[in-house]
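**Student:** The sequence isn't on hand, but the structure is:
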């Protein structure tokens, strides 16, 4: 794209520099030559037969009609070239704008991409309340750690096990054998497997996400933090759906 942009800009400049007042007759060779240059640039950039080539291809700059019963008026010829040039220029402008937009997006930093992604997240309200300011200020590891703390507190409040915390809390509250909170009726082996799997997810969140950040100085990558926060928010929302056995 970076290499193709200057060529498309030159083709656009050549189209826009055409002075309709200089046209003397229909079918001047200079117009066919310009169409061929545009076509060569399209082929070089997109390849023949591609969707993009077909979409932006310029067959002719002459969009004037033909009179089967006599010569087309010179006014109609000029108007046909005007419309053809405008259409061709519009195609090239679209390509240029799309390429420029993609190049700008590719120059984004992980921080700006993460900020945009964070704005699109549908976080659990309590998680969002705890982490939004931290994340926006660039404290990604702290945001993940605080989301874990929120999850721990929510499990305590929902289960009533205020005497436990961390991994021990999760293994106790969601144990398939004697749970304090359940995600189903535990009537089948599938139900019990789901309950056990959820128990491991909650315990794993504490072990893998909270403990390293609580005991060490970590600097989370912003986009990785987005993934962690989404996961923790999912667990918080699942907790809202859990019930007493």
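**Tutor:** Received the coordinates, thanks. Remember, predicted model here, so these are calculated numbers, not experimental data.
**Student:** Check which helices and strands the lengthiest helix in the chain is in contact with.
**Tutor:** For the chain, the longest helix by residue count, based on DSSP state H, is helix 74-106. In terms of contacts (3 or more C-beta pairs under 8 Å, 6 or more residues apart in numbering; DSSP states H and E), helix 74-106 is packed against helix 4-16, helix 29-46, helix 51-56. Bear in mind the C-beta positions are built from the backbone N, C-alpha and C, glycine included.
**Student:** Columns distance to residue 22 on top of those, output as JSON lines?
**Tutor:** As requested, those are exported to JSON lines (distance: least, C-beta to C-beta, whole Å):
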{"stretch": "helix 4-16", "distance to residue 22": "14"}
{"stretch": "helix 29-46", "distance to residue 22": "9"}
{"stretch": "helix 51-56", "distance to residue 22": "26"}
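**Student:** hang on, the earlier thing: just want the angle from the longest helix of the chain to helix 29-46.
**Tutor:** 20 degrees (axes from the mean of the first three to the mean of the last three C-alpha atoms, to 10 degrees).
**Student:** got a list of contacts for whichever helix or strand comes after helix 74-106?
**Tutor:** Sequence order places helix 110-120 as the next helix or strand after helix 74-106, per DSSP states H and E. Contacts to helix 110-120, defined as C-beta atoms under 8 Å, 6 or more residues apart in numbering, come from residues 135, 136, 138, 140, 221, 222, 223, 225, 226, 229.
**Student:** Show me which pair in those is furthest apart.
**Tutor:** Using C-beta to C-beta, these span at most 16.1 Å, a distance reached by 136 and 221.
**Student:** how about the helices and strands packed on helix 74-106 in CSV, adding mean pLDDT and distance to residue 183?
**Tutor:** Shown next, in CSV, are the helices and strands packed on helix 74-106 (pLDDT from 0 to 100; distance: least, C-beta to C-beta, whole Å):
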stretch, mean pLDDT, distance to residue 183
helix 4-16, 93, 53
helix 29-46, 95, 51
helix 51-56, 94, 46
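**Student:** Report the residue ranges of every domain in this structure.
**Tutor:** 4-106, 112-241 (automatic domain parsing).
**Student:** So which of those is the most surrounded?
**Tutor:** Counting by mean count of other C-beta atoms under 10 Å, domain 112-241 has the highest mean neighbour count of the domains of the chain, with a mean of 17.
**Student:** Can you give me the end-to-end span of that one?
**Tutor:** The first and final residues of domain 112-241 sit 33 Å from each other (C-alpha to C-alpha, to the nearest Å).
**Student:** The helix or strand hosting residue 131: what's the following helix or strand?
**Tutor:** In the assignment (DSSP H and E), residue 131 maps to helix 125-136. Going down the chain from helix 125-136, the next helix or strand is helix 140-159, by DSSP H and E.
**Student:** if we can go back for a sec, quick check, nearest of the contacts of helix 110-120 to residue 71?
**Tutor:** Nearest to residue 71 out of the contacts of helix 110-120 is residue 223 (C-beta to C-beta; 65.1 Å).
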